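S.K.: Generate coordinates for the sequence data below:
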Amino acid sequence: VRLVYNKALEERTRAWYGEQRRISYVQSSATLTKWKKTEELAFLAEVSSVPLQQALRHLQTAFGNFFAKRAKYPRYKSRKRSPASAEYTRSAFTWRDGRLTPAKMAEPLDIRWSRPLPEGAEPTTVTVSRDSAGRWFVSLLCEDAIAPAPATTNAVGIDAGITSLVTLSTGEKVTNPKHDRRDRARLAKAQRVLSRKARGSANREKARRRVAKVHARIADRRRDFLHKLSTRLVRENQTVV
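M.R.: Numbers count the residues shown, from 1 in each chain. Below you'll find the model as predicted:
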């Protein structure tokens with residue numbers, strides 16, 4: 001996906017700055033077909049064409065925002081810094097009995113579900129992504145009817161503090177859980193190991209992944225705590241200021 005996005009961006013950039021000519025999505029799609037027939041890029045035919053086409057659609061949207069002056073000129077995706085993800089539309093995956101099989105895969109993915117899909121829901125889009133710690137995630141887009149929360153007239157004020165995370169106008173103080181406390185020693189050790197590895201080596205990449213996993217574990221706990229806190233405040237109050 002990243003390769004197709006960057007090569008299509010390169011072609012569009014050459015046409016725009018060299019000839020002041022715009023390349024459409026249809027033209028980029030035709031170029032992708034030609035790439036698959038070359039010896040150098042023949043491996044593109046080994047994967048589902050849908051995520052590659054979706055990458056071209058995302059690039060088309062980026063250029064549309066650029067020409068409409070809503071965004072800057074599209075940038076190349078980086079192997080190290082850009083999120084790694086592939087998007088499958090309904091024709092490119094099979095959803096049967098709660099098991100997901102992307103196109104051109106022989107068996108369903110081995111997934112640990114964080115929560116079940118709503119009753120009777122059918123996913124319309126699947127996004128497979130990988131974070132900096134090397135963890136893979138699957139996000140399913142589907143329709144769902146959200147029941148309204150119970151009505152309330154309560155209101156609460158929030159003040160971000162120093163000694164506590166937040167102080168509410170009700171007098172309640174939410175202490176800062178300091179999620180990094182449990183992993184400080186582990187993080188320090190992993191960072192020391194990383195600092196001793198040669199740049200560009202495979203061992204340095206392994207050490208970097210270990211550091212990223214510790215950071216990810218800390219970030220997950222922090223995100224979970226904040227989501228639970230904000231959800232509680234919104235459900236208990238009509239207005240939060």
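S.K.: from here on, contacts and neighbour counts on C-alpha atoms
M.R.: Fine.
S.K.: helix/strand/coil for Ala71?
M.R.: coil (DSSP: H, G, I helix; E, B strand; the rest coil).
S.K.: Would you quantify the distance from it to Phe63?
M.R.: To Phe63, Ala71 is 9 Å away according to CA to CA, to the nearest Å.
S.K.: residues contacting Lys213?
M.R.: 133-134 (CA atoms under 8 Å, 6 or more residues apart in numbering).
S.K.: what distance separates the host helix or strand of it from the centre of its chain?
M.R.: Using DSSP states H and E, Lys213 falls within helix 202-236. Its chain's C-alpha centre and that of helix 202-236 lie 14 Å apart, by CA atoms, centre = their mean, to the nearest Å.
S.K.: What of stretch 46-54?
M.R.: On CA atoms, centre = their mean, the centre of stretch 46-54 falls 18 Å from that of its chain.
S.K.: That one: which residues count as buried?
M.R.: 48-54 (16 or more other CA atoms under 10 Å).
S.K.: now the residue lying farthest from the centre of the chain: how far from Thr239?
M.R.: The outermost residue of the chain relative to its centre, with distances by CA atoms, centre = their mean, is Gly171 at 37.5 Å. For Gly171, the distance to Thr239 equals 17 Å [CA to CA].
S.K.: Surely Ser85 is in a strand?
M.R.: Yes: applying three-state DSSP, one finds Ser85 inside a strand.
S.K.: neighbours around it, how many?
M.R.: When neighbours are defined as other CA atoms under 10 Å, Ser85 has 17 of them.
S.K.: Leaving out the residues flanking it, which one is nearest to Ala212?
M.R.: Ala133 (4.8 Å; CA to CA, 6 or more residues apart in numbering).
S.K.: Just want to know which of Ala71 and Phe63 has more residues nearby.
M.R.: Higher neighbour count among Ala71 and Phe63: Phe63, with 22 against 12, using other CA under 10 Å.
S.K.: The more buried one: what's it in contact with?
M.R.: 73-74.
S.K.: so the residue farthest from the centre of the chain sits in a helix?
M.R.: No: assessed with three-state DSSP, Gly171 is coil; it does not lie in a helix.
S.K.: Would you map the strands across this protein?
M.R.: 84-89, 93-96, 99-102, 125-130, 136-141, 155-156, 158-160, 166-168, 173-174, 239-240 (DSSP state E).
S.K.: ok now the last one, how far from the chain's centre?
M.R.: Put plainly, it is strand 239-240. 30 Å.
S.K.: Not counting that strand itself, show me its contacts.
M.R.: Taking CA under 8 Å, 6+ apart as the rule, strand 239-240 contacts 154-158, 233-234.
S.K.: just the CA coordinates of stretch 56-68, formatted as PDB?
M.R.: Output in PDB follows, covering the C-alpha atoms of stretch 56-68 (Å, rounded to 0.1, in the frame of the first residue of the first chain):
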ATOM      1  CA  LEU A  56      -5.000   5.500  -4.800                       C
ATOM      2  CA  ARG A  57      -8.500   6.800  -3.700                       C
ATOM      3  CA  HIS A  58      -6.900   8.200  -0.500                       C
ATOM      4  CA  LEU A  59      -4.300  10.000  -2.600                       C
ATOM      5  CA  GLN A  60      -7.100  11.300  -4.900                       C
ATOM      6  CA  THR A  61      -8.800  12.700  -1.800                       C
ATOM      7  CA  ALA A  62      -5.500  14.300  -0.600                       C
ATOM      8  CA  PHE A  63      -5.000  16.000  -3.900                       C
ATOM      9  CA  GLY A  64      -8.700  17.200  -4.000                       C
ATOM     10  CA  ASN A  65      -8.100  18.800  -0.600                       C
ATOM     11  CA  PHE A  66      -4.900  20.400  -1.900                       C
ATOM     12  CA  PHE A  67      -6.400  21.900  -5.000                       C
ATOM     13  CA  ALA A  68      -9.400  23.100  -2.900                       C
END
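S.K.: Before I go, just wanted to say thanks for your time.
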